[in-house]
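K.L.:
have a look; sequence and predicted model below, questions after that.
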Amino acid sequence: MNSVSLFSPFQLKNFTLKNRIGVAPMTRMSSIRDSVPRKDVLDFLVRRAENNAAIVFTEAIVTDYESAQGYPGQARMTTQRQIETWQPVVQAIQQHGSIAIMQMFHCGRMAWPEVNPANRSIGPSPLTPEQDNPLTGKPYPVPDEMSLFDIKHVINGFVETARGAVAAGFDGIEIHGAHGYLISQYLSSYSNQRTDSYGGSVENRYRFAHEIIQAVRLAVPEGRLLTFRISDWGVADPEVSLYGSKEEYQQIVRLLSREPIDALSVSTYDFTQKAFGTEQNMARITREVSDLPIMICGRIFDRASAEAALNDADIVLSAKSILLNPDWVEDVRAGKSLRLRKSEEANIAYTETPLP
Ligand SMILES: Cc1cc2nc3c(=O)[nH]c(=O)nc-3n(C[C@H](O)[C@H](O)[C@H](O)COP(=O)(O)O)c2cc1C
């Protein structure tokens, strides 16, 4: 048990976090006009900071106007209007003594082309997930195999979006390399069958992530954080292990650990689950080969589960529990009896009903 540390400060680079709890990134699909979220969705983030979440992640912000968007109503961070919408939100989070991190993503082959202004879906290889898109009930369209021009264009989208986040005052930026979206499509041989220098060996499949991290770091001032999210699962075909073996996953974590990033966020459905046929969970397998601070999530719902998760990680993130309970952090501190939330309960995230 790790009972001392959950509510003790944690030094994340130059930021002293007031505790080890954060709001996991959560897409809300509320940005109908101008690619900015609804006011109540922004207020929701501030309310979690007020309740003492030490880190508040934004929903996944899409990185370009061509092919990055995966769901209707996602937000962007490249126009002055978008930046000015987020500025007061970031300030309010900071006034509560918390830090704000913008997560950004490109959905790659998970695109639903109709939601992208350029009506296009791209990926490392012209391969679709096996399952249908649950939102359309239809197969995902076969993505265009990305050209070198596409690769540069996408990297530029990450850089421009990071610049937007810096202008909006965010303390940090997260590159979403998890959940079967574009970056993890490159990392995993399940979706990457390229024969050029971006496919084949682990080093080659890693090249795209490396180029994004390097380019984004140049746009993020030294005093701000850059984090990377990773998972062994994707939202489509969730039963598939993206890395297949502990060795391959650890090879990628080793490569990430050489990058100018400040933390790794490991996303699981269940932080206790043993991974890759071993007796270890994902956080421990990550920690074994990395000195980076580690964030973990997945079925952390009360004080006991949060403390247990800290045995192998430095920071715990909550999605469903913190989504559905604005007082979750303080309830955890008080050791209240809290229940595990079901996935269906979280669907309220996508409705117009304001969440407290
Ligand atoms: C409504 C909702 C939206 C989500 N959107 C994102 C997202 O935009 N980016 C991301 O990395 N993960 C996203 N996730 C995954 C969560 O961050 C987290 O990894 C997952 O829900 C497991 O944590 P939990 O058991 O605390 O819910 C989302 C989860 C939910 C419930």
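P.N.:
Sure, I can see it.
K.L.:
show me what contacts Thr58?
P.N.:
Contacts for Thr58 (C-beta atoms under 8 Å, 6 or more residues apart in numbering) come out as Pro25, Leu45, Ala75, Trp86, Ala100, Ile101, Met102, Gln103. Backbone N, C-alpha and C define where each C-beta goes, glycine included.
K.L.:
redo that, cut-off 7 Å
P.N.:
Pro25, Met102, Gln103 (C-beta atoms under 7 Å, 6 or more residues apart in numbering).
K.L.:
so it is in which element?
P.N.:
strand 55-62 (DSSP states H and E).
K.L.:
check which element follows that strand along the chain.
P.N.:
Past strand 55-62, the next helix or strand by DSSP H and E is helix 80-95.
K.L.:
from the chain's centroid, how far away is the strand holding Thr58?
P.N.:
7 Å (C-alpha atoms, centre = their mean, to the nearest Å).
K.L.:
that strand and the ligand in contact?
P.N.:
Yes - part of strand 55-62 sits near the ligand under the criterion C-beta under 6 Å from any ligand atom, namely Glu59, Ala60.
K.L.:
picking up where we left off before, can I get the contacts of Thr58 in TSV including secondary structure?
P.N.:
Supplementary listing: these in TSV, determined by DSSP: H, G, I helix; E, B strand; the rest coil:
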residue	secondary structure
Pro25	coil
Met102	strand
Gln103	strand
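K.L.:
can you redo those as a markdown table with pLDDT?
P.N.:
A markdown table is the format used below for the contacts of Thr58 (pLDDT from 0 to 100):
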| residue | pLDDT |
| --- | --- |
| Pro25 | 98 |
| Met102 | 98 |
| Gln103 | 98 |
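K.L.:
and the residues you listed, which is closest to Met282?
P.N.:
Pro25 (17.1 Å; C-beta to C-beta).
K.L.:
now the closest one: how far from Gly172?
P.N.:
Going from Pro25 to Gly172 by C-beta to C-beta, to the nearest Å gives 12 Å.
K.L.:
what about the two, which has more around it?
P.N.:
Legend: neighbour count by other C-beta atoms under 10 Å for Pro25 and Gly172, higher for Pro25 (26 against 23).
K.L.:
wait, the more buried one sits on Ile55?
P.N.:
No - if you go by C-beta atoms under 7 Å, Pro25 and Ile55 don't touch, sitting 10.4 Å apart.
K.L.:
for the longest helix along the chain, packing partners?
P.N.:
Longest helix in the chain by number of residues (criterion: DSSP state H): helix 148-168. Using 3 or more C-beta pairs under 7 Å, 6 or more residues apart in numbering; DSSP states H and E, the elements in contact with helix 148-168 are helix 80-95, strand 99-105, strand 172-176, helix 202-219.
K.L.:
kindly format the C-alpha coordinates of the first one as PDB.
P.N.:
If I follow you right, that is helix 80-95. Extracted C-alpha coordinates of helix 80-95, given in PDB (Å, rounded to 0.1, in the frame of the first residue of the first chain):
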ATOM      1  CA  GLN A  80      -7.100  32.900 -32.700                       C
ATOM      2  CA  ARG A  81     -10.700  32.300 -31.700                       C
ATOM      3  CA  GLN A  82      -9.900  28.800 -30.500                       C
ATOM      4  CA  ILE A  83      -6.900  30.000 -28.500                       C
ATOM      5  CA  GLU A  84      -8.900  32.800 -26.900                       C
ATOM      6  CA  THR A  85     -11.600  30.400 -25.900                       C
ATOM      7  CA  TRP A  86      -9.200  28.200 -24.000                       C
ATOM      8  CA  GLN A  87      -7.100  31.000 -22.400                       C
ATOM      9  CA  PRO A  88      -9.600  31.800 -19.500                       C
ATOM     10  CA  VAL A  89     -10.200  28.100 -19.000                       C
ATOM     11  CA  VAL A  90      -6.400  27.400 -18.500                       C
ATOM     12  CA  GLN A  91      -6.100  30.500 -16.200                       C
ATOM     13  CA  ALA A  92      -9.000  29.300 -14.100                       C
ATOM     14  CA  ILE A  93      -7.500  25.800 -13.800                       C
ATOM     15  CA  GLN A  94      -4.200  27.400 -12.800                       C
ATOM     16  CA  GLN A  95      -5.900  29.700 -10.200                       C
END
